[in-house]
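*Asks:* From the sequence below, what's the structure:
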Amino acid sequence: MNDAGKPVEPLDLFKKAKKKAELAKPLNSVIYTRVSTTRQAEFGNSLDDQNKVCSRYCQSNNMKVLRLFVEPGVTGRTDKRPSFQEMITFCKRNAHKLAAVVVYDTSRIFRDTMQYLYYKKVLQNIGIELLSPNTQRGNSPVHQLTDTTQAAFAQFESDLKSVRAKESGIEVRKRGRLTSKAPVGYINVRDTNRPRGSTVEIDPVRAPIIQEAFRRVARGDTSVYAVYKWAAGQGLTSRKTGKSITMNSFYRIFENPVYAGMIEVESGEFVKTEFKGIVSRTLFEAVIDRQKRDTCQRIPHTREIKSFPLKGVLRCPGCERVLTASNQRGKSGKHFGYYHLPRHNPGCPNVGLFIPLRVADNAVVSVIGRVRTEKQIFVSWNKYLHEKQEQLREEIKEELLILHATRSRQEDIKVALREKFVMGDLDRNDYEDGKQRAENTLAEVQSMIRKLGDSDIPLTKIFEKSVKVLEHLESDWKTASDRQKHHIAQVLFPSGLTCGKKGGVGTPSNALQMGLLDILEGGELSLATPTGLEPVLPA
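*Replies:* So this is what the prediction gives:
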């Protein structure tokens, strides 16, 4: 009789211990509320309304609310939100006593599908559910599909609003109105009779200064920076801060067609504004012409290394970040050059590191000077390179023998094909195809023979010349310019050079083994001889 499917006595199987995320947790939760605009904070799904709905949901599910996170007036298209990041950090630190994050609906936490699913997974990995009173609770495929669909619709709604806002802005600009706050030189005057609630008028205090600034720039007898200093001295201030206008904001004035009574609807399409311009179109175009001339005459920016030849080479010995350099004023009022790092990695023991120029230069000279006293390193290297070169030459000879044999076979094939074609044993198409294949193979073989013939590089001679350069490098360094020193340091220390306050030098942990300092420190021990030039890795 077949006993298949018959119940049997159960077994007490061994079961692995549950993960921390799977253990029973207290029913604690946090609430996250968000609105995009200040108007939403007062009307519609306000912050208070969201909090009340989420609190009732927690109460009905016997969940205790540990904390409320409020995000007023921030878009849901990005995760760079202070309260949101604070909430995520709180969840990670209190995952052992937190069961859920409650939001009003999917759109409140994100209006970006990919980011919503990512952070939902982040919370799930630490055993925290993402719940909403407006969605069903569960982990079935149907619930997952519903949740993802709601997130996609939240993003779709945001994208649709963005398109409508853009189209609305174009229609507004076509009527000669601004879609943003009036720039400096103009003021917004409240008008309750208009749908947008305000009109734009010329600022009687700042407009004359801007008008004169346009004239001075158009004349071209002084720099734009000098005009900026004059305008700041005349009282051209920002309406928002009340302080003098910044230099960048001042430069943008001469690129804004609003000052000439024009507004750009879309790229290349302009209309007249409903308010008067501060300057004429002729004057505005004259300023544009001067900017074009200045741009054509502008010298491309190059990295400034004058007086700081080791900038970009020196690193912090603690966190190994690249040091910058600048002149610092001492107690006597004089300026002294230093290599330093404004911000070290957390826990770095060298915070406040300042290396004087002379100390850094002497450190490099000390490393270069060791080349003369440790020539035995280069003797062993020269012997190794000589052996390596002989090995390469033997390999090249073997390759050439194989290639010459291949070339002879292909030439014999061509002769045999010709004989068969003449005797009538091969038609023209087959003959042409075979001949073409043989010629292609011959061309490849000839190319490889030429390359191998040119590959006999005199490694030992190159190395001997390099050693001679290194022997005289100390004197060359002392007479070199700052830019020449910079290039020399980059070649000698490809991964940088660490330097302490007292001039102690070292190599970063991620440095290439072929740097000069590594050669001096390691000697033969830094080579995996006799197999190659690879560094010996620590056990």
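*Asks:* all strands of the stretch 351-500 of the chain, in order?
*Replies:* Under the criterion DSSP state E, counting those that start in this stretch, the stretch 351-500 of the chain contains strands at 354-356, 497-499.
*Asks:* again with the stretch 101-250 of the chain
*Replies:* 129-131, 186-190, 198-202.
*Asks:* one step back: quick one, which of the strands of the stretch 351-500 of the chain is packed in tightest?
*Replies:* Greatest average neighbour count among the strands of the stretch 351-500 of the chain goes to strand 497-499 (a mean of 24), per mean count of other CB atoms under 10 Å. In short, each C-beta sits where N, CA and C put it, glycine included.
*Asks:* now for that one, which elements pack on it?
*Replies:* On a contact count with 3 or more CB pairs under 8 Å, 6 or more residues apart in numbering; DSSP states H and E, strand 497-499 meets strand 314-315, helix 357-373, strand 505-506.
*Asks:* can you do 10 Å?
*Replies:* strand 314-315, helix 357-373, strand 505-506, helix 516-522 (3 or more CB pairs under 10 Å, 6 or more residues apart in numbering; DSSP states H and E).
*Asks:* circling back: closest to residue 81 out of the strands of the stretch 351-500 of the chain?
*Replies:* strand 354-356 (37.7 Å; CB to CB).
*Asks:* neighbouring strands for the closest one, and are they parallel or not?
*Replies:* strand 335-340 (antiparallel) (DSSP bridges).
*Asks:* Give me the angle between the partner strand and helix 357-373.
*Replies:* If you take axes from the mean of the first three to the mean of the last three CA atoms, to 10 degrees, strand 335-340 sits at 60 degrees to helix 357-373.
*Asks:* what are the C-alpha coordinates of strand 335-340, in CSV please?
*Replies:* Extracted in CSV, the C-alpha atoms of strand 335-340 (Å, rounded to 0.1, in the frame of the first residue of the first chain):
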residue,chain,number,x,y,z
HIS,A,335,52.4,87.3,4.9
PHE,A,336,54.0,83.9,4.9
GLY,A,337,53.2,81.0,2.5
TYR,A,338,51.9,77.7,4.0
TYR,A,339,50.6,74.4,2.8
HIS,A,340,47.5,73.5,4.8
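*Asks:* how close does residue 137 get to residue 60?
*Replies:* Counting by CB to CB, to the nearest Å, the gap from residue 137 to residue 60 is 12 Å.
*Asks:* okay, the strands of the stretch 101-250 of the chain in TSV with distance to residue 234 next?
*Replies:* Output for these, formatted as TSV (distance: least, CB to CB, whole Å):
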stretch	distance to residue 234
strand 129-131	57
strand 186-190	17
strand 198-202	17
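*Asks:* wait, which of the ones you listed is closest to residue 315?
*Replies:* It is, among the strands of the stretch 101-250 of the chain and with distance given as CB to CB, strand 129-131, at 43.2 Å.
*Asks:* by contact count, what packs against the closest one?
*Replies:* By 3+ CB pairs under 10 Å, 6+ apart, strand 129-131 packs against strand 28-34, helix 47-60, strand 100-103, helix 113-125.
*Asks:* sorry, back to before: least confident of the helices and strands packed on strand 497-499, on average?
*Replies:* Lowest mean pLDDT within the helices and strands packed on strand 497-499: helix 516-522, at a mean of 52.
*Asks:* Show me what counts as buried in stretch 220-231.
*Replies:* Judged by neighbour count (16 or more other CB atoms under 10 Å), stretch 220-231 contains these buried residues: 224, 227, 228, 231.
*Asks:* Tell me which of the residues you listed fall in helices.
*Replies:* Using DSSP state H, the members of the buried residues of stretch 220-231 that fall in helices are 224, 227, 228, 231.
*Asks:* tell me which of those residues is nearest to residue 486?
*Replies:* Within those, proximity to residue 486 (CB to CB) peaks at residue 224, which comes in at 31.8 Å.
*Asks:* who's in contact with the closest residue to that closest one other than its chain neighbours?
*Replies:* Residue nearest to residue 224 in three dimensions, not counting chain neighbours: residue 217, with 5.8 Å by CB to CB, 6 or more residues apart in numbering. Residue 217 makes contact with 223-224, 226-228, 253-254, 283, 286-287, 290-291, 294, according to CB atoms under 10 Å, 6 or more residues apart in numbering.
*Asks:* 7 Å instead, please
*Replies:* With contact taken as CB atoms under 7 Å, 6 or more residues apart in numbering, residue 217 is in contact with 224, 227, 254, 287, 290.
*Asks:* Need the pLDDT of the nearest residue to residue 396 once chain neighbours are set aside.
*Replies:* Spatial nearest neighbour of residue 396, chain neighbours left out: residue 452 (5.3 Å); criterion: CB to CB, 6+ apart. Note for residue 452: predicted pLDDT of 73.
*Asks:* Show me the one of the strands of the stretch 351-500 of the chain that comes nearest residue 204.
*Replies:* Proximity to residue 204 (CB to CB) singles out strand 354-356 among the strands of the stretch 351-500 of the chain, at 51.2 Å.
*Asks:* Name the residues that touch that closest one?
*Replies:* Strand 354-356 is contacted by residues 314, 336, 338, 339, 340, 499, 501 when judged by CB under 7 Å, 6+ apart.
*Asks:* How much space separates the third one from residue 310?
*Replies:* Relative to residue 310, residue 338 is positioned 11 Å away (criterion: CB to CB).
*Asks:* which residues touch residue 75?
*Replies:* residue 36.
*Asks:* again, only this time at 8 Å
*Replies:* Residues counted as contacts of residue 75 (CB atoms under 8 Å, 6 or more residues apart in numbering) are 36, 111.
*Asks:* Domain-wise, how is the chain divided?
*Replies:* Annotated domains of the chain cover 20-161, 186-297, 386-461 [automatic domain parsing].
*Asks:* quick check, distance from the last one to the centre of its chain.
*Replies:* Remark: domain 386-461 is offset 49 Å from the chain centroid, using CA atoms, centre = their mean, to the nearest Å.
*Asks:* What of the first one?
*Replies:* Here domain 20-161 is found 30 Å from its chain centre; the criterion is CA atoms, centre = their mean.
*Asks:* Could you do stretch 182-190 as well?
*Replies:* Chain-centre distance of stretch 182-190: 37 Å, with CA atoms, centre = their mean.
*Asks:* average pLDDT across that stretch?
*Replies:* Rounded mean pLDDT across stretch 182-190 is 86.
*Asks:* Now do the end-to-end distance for that stretch.
*Replies:* In stretch 182-190, first residue to last residue: 12 Å (CA to CA, to the nearest Å).
*Asks:* Return the set of buried residues in that stretch.
*Replies:* Neighbour-count burial for stretch 182-190, counted by 16+ other CB under 10 Å, picks out 182, 183, 184, 185, 186, 187.
*Asks:* Many thanks, I have nothing further to ask.
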